[in-house]
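**Student:** Following is a predicted model, sequence given first.
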Amino acid sequence: MRLAILEDAGFLAAARNDNAYRAAGLRGMSSLLDGVAMGAWLSSGRLWVIEDQKVFGMPVGFVRQDQMDSPGGDVTVFVLPHHQNRGYGTGALKIFREEHPRARALIRKDNAKSQKVFEHAGFQFYKDQGDGVVVYLGSPLPWPWIP
């Protein structure tokens, strides 16, 4: 996993606009991401590319850190559908969690596959928000900022 750079814009836009990613997202995912928004993603410094370990430099997914109002931010992971079930997402999240132990994941309650990936990466279930979203934390409680 490496920090995203400008040359990744094409891959990241295609991955972000992938129907599978948009279908699994929580909010604002029905629309396609345009060039301006992709530029904001890249300039944030909170976007990493997951690469295939066997084919050097071949991107297979991304990790995004968002909502910096929480200590570790909210983390999102996406692996292209034809590269899923190979450990890419879990491996990337383990690395991310080591560097950002206070990260939080907001996951759709009906997305059991994503919940399992976060659990295998060491995130712990925290609560069901009651709005179709469950919360996972990168490190054990207590967290003074979480109600």
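**Tutor:** Perfect, thanks for sending it.
**Student:** Can you show me the helices along the protein?
**Tutor:** 9-16, 19-24, 35-43, 88-99, 112-120 (DSSP state H).
**Student:** List the buried residues for the last one?
**Tutor:** When neighbours are counted by 16 or more other CB atoms under 10 Å, the buried residues of helix 112-120 are found to be 114-115, 117-118. In short, each C-beta sits where N, CA and C put it, glycine included.
**Student:** Comparing the helices of the chain, which stretch has the densest surroundings?
**Tutor:** Burial among the helices of the chain, expressed as mean neighbours by mean count of other CB atoms under 10 Å, is greatest for helix 88-99, which shows a mean of 19.
**Student:** by contact count, what packs against that helix?
**Tutor:** strand 47-51, strand 59-66, strand 74-79, helix 112-120 (3 or more CB pairs under 8 Å, 6 or more residues apart in numbering; DSSP states H and E).
**Student:** okay, the angle between the last one and helix 88-99?
**Tutor:** Which is helix 112-120. Relative orientation of helix 112-120 versus helix 88-99 (axes from the mean of the first three to the mean of the last three CA atoms, to 10 degrees): 40 degrees.
**Student:** Residues touching helix 112-120, excluding its own?
**Tutor:** Outside helix 112-120, the residues that touch it by CB atoms under 8 Å, 6 or more residues apart in numbering are 24, 77, 89-90, 93, 105, 107-108, 125, 134, 136.
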